[in-house]
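A.B. asks: Generate a structure from the sequence data that follows.
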Amino acid sequence: MEGIEHRTVSVNGINMHVAEKGEGPIVLFLHGFPELWYTWRHQIVAFAALGYRAVAPDLRGYGDTDAPAEVSSYSCLHVVGDIVALIESLGGGDQVSLVAHDWGAMIGWYLCLFRPDLVKAYVSLTVPFRPRHPMVKPVEGMRAFLEDYYMCRFQVSLLAPPPHPHPTMGWIFF
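C.D. replies: The predicted model follows:
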């Protein structure tokens with residue numbers, strides 16, 4: 001697609017698929033759920049034309065990037081570690097401008113918290129920064145924000161079914 005190059009890089013113990021185009025300062029795009037690098041295809045081309053190196057990976061567990069079987073392999077430390085290693089693999093030692101959407105935006109917020117030295121600027125699309133409340137579990141906090149928040153639909157309850165079925169999808173158990 002319009003000169004976008006694809007490659008696989010080894011980062012943080014996994015193989016990550018990356019789509020990129022252009023030369024210059026790096027703009028790193030992180031996709032949401034259940035998307036891929038392809039979400040950013042138009043932005044990759046546009047930013048490359050403006051003199052940037054536009055980079056969009058498939059995040060851990062998505063597309064052509066490895067998907068470890070263990071649930072514990074998807075902690076915020078793992079996914080941010082993937083992005084830290086990706087930034088380091090891009091060379092240059094410069095900070096990146098980060099643009100992220102949805103699930104990628106949550107990873108972006110963690111990256112900014114854990115490694116602010118790697119981020120020159122951050123644009124978060126659809127997910128505001130919400131610091132973790134030490135007395136509230138994350139999923140409970142999401143439900144308090146919006147009872148039918150889509151991220152809550154993918155949680156497994158071993159003790160009881162969800163409070164009500166999704167109006168169009170019925171009960172969802174994974």
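A.B. asks: Now the terminal residues of stretch 7-21, how far apart.
C.D. replies: Length of stretch 7-21, first residue to last, Cα to Cα, to the nearest Å: 11 Å.
A.B. asks: what's the answer for stretch 9-17, then?
C.D. replies: Using Cα to Cα, the two ends of stretch 9-17 sit 7 Å apart.
A.B. asks: what about it, average pLDDT?
C.D. replies: Averaged over stretch 9-17, pLDDT sits at 98.
A.B. asks: Repeat that for stretch 146-162.
C.D. replies: 66.
A.B. asks: can you list the domain ranges for this protein.
C.D. replies: The record's domain parsing of the chain by automatic domain parsing lists 5-129, 130-174.
A.B. asks: Just give the number of residues close to residue 151.
C.D. replies: Other residues within reach of residue 151, judged by other Cβ atoms under 10 Å, total 17. To be clear about C-beta, it is placed using only N, CA and C from the backbone, and glycine gets the same treatment.
A.B. asks: Next, the nearest residue to it once chain neighbours are set aside: secondary structure please.
C.D. replies: What sits nearest to residue 151 in space, not counting adjacent residues and going by Cβ to Cβ, 6 or more residues apart in numbering, is residue 142, at 5.7 Å. Here residue 142 takes the helix state, with states given by DSSP: H, G, I helix; E, B strand; the rest coil.
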